[in-house]
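# Mind folding the following:
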Amino acid sequence: MAVASLIYAGAAVHAVGRLPGGAGLVLRWTLLWPALYLAASLVAPLVIPPVRRWLTRYVWMSFQAGFGQTPASVIIGVALLMGAALFIYWQIASVAATGTYRANVFSAYAAGIGILAAQAVLVRALERRPDVRPMIEER
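Numbering: from 1, shown residues only. I've put the predicted structure just below:
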């Protein structure tokens, strides 16, 4: 989540001097709308019980499968984040060249950060469960 947030911040700073439309439009596209998407994707999985159960199950299955616990899986995760970052930078260049905003990739990336944050909250909740804690510690 931290790496994704840093990538996002770098892309937003990069966009400020390059995107057309003035500061107000750029701030709406890089901060305002993405903040709404981030909030929705963070809050929804934590307050809607079926979504919370599904995401908790996904987080637990990922842990059991070893994702995020081996050097290869960490490298793959960071590579996916970097691929998304390259896509954002490509979109910034495309908008700068054409002057046309087609889709807000900042909102999509912020929504992904929100889901990562929700997963982090659910991981902490799983760690506090007495039936799960020993299984986590033995890995």
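# so who does Ser107 touch?
Trp33, Pro34, Leu36, Tyr37 (CB atoms under 8 Å, 6 or more residues apart in numbering). For glycine as for every other residue, the C-beta is placed from the backbone atoms N, C-alpha and C.
# want to try JSON lines for these, with secondary structure as columns?
Below are the contacts of Ser107 laid out as JSON lines (DSSP: H, G, I helix; E, B strand; the rest coil):
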{"residue": "Trp33", "secondary structure": "helix"}
{"residue": "Pro34", "secondary structure": "helix"}
{"residue": "Leu36", "secondary structure": "helix"}
{"residue": "Tyr37", "secondary structure": "helix"}
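# how about TSV for those, with neighbour count added?
TSV is the format used below for those (neighbours: other CB atoms under 10 Å):
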residue	neighbour count
Trp33	15
Pro34	23
Leu36	14
Tyr37	19
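# Please report how far Val3 lies from Met135.
Going from Val3 to Met135 by CB to CB, to the nearest Å gives 26 Å.
# what about the one residue sitting closest to the centre of the chain, helix or strand, and which?
Nearest residue to the geometric centre of the chain (CA atoms, centre = their mean): Ile113, 2.0 Å. Using DSSP states H and E, Ile113 falls within helix 105-128.
# rewinding a little: wait, which of the contacts of Ser107 is closest to Asn104?
Trp33 (5.7 Å; CB to CB).
# Would you confirm that that closest one contacts Phe106?
Yes - taking contacts as CB atoms under 8 Å, Trp33 lies within contact range of Phe106: 7.2 Å.
# quick check, distance from stretch 18-25 to the centre of its chain.
Stretch 18-25 sits 24 Å away from the centroid of its parent chain (CA atoms, centre = their mean, to the nearest Å).
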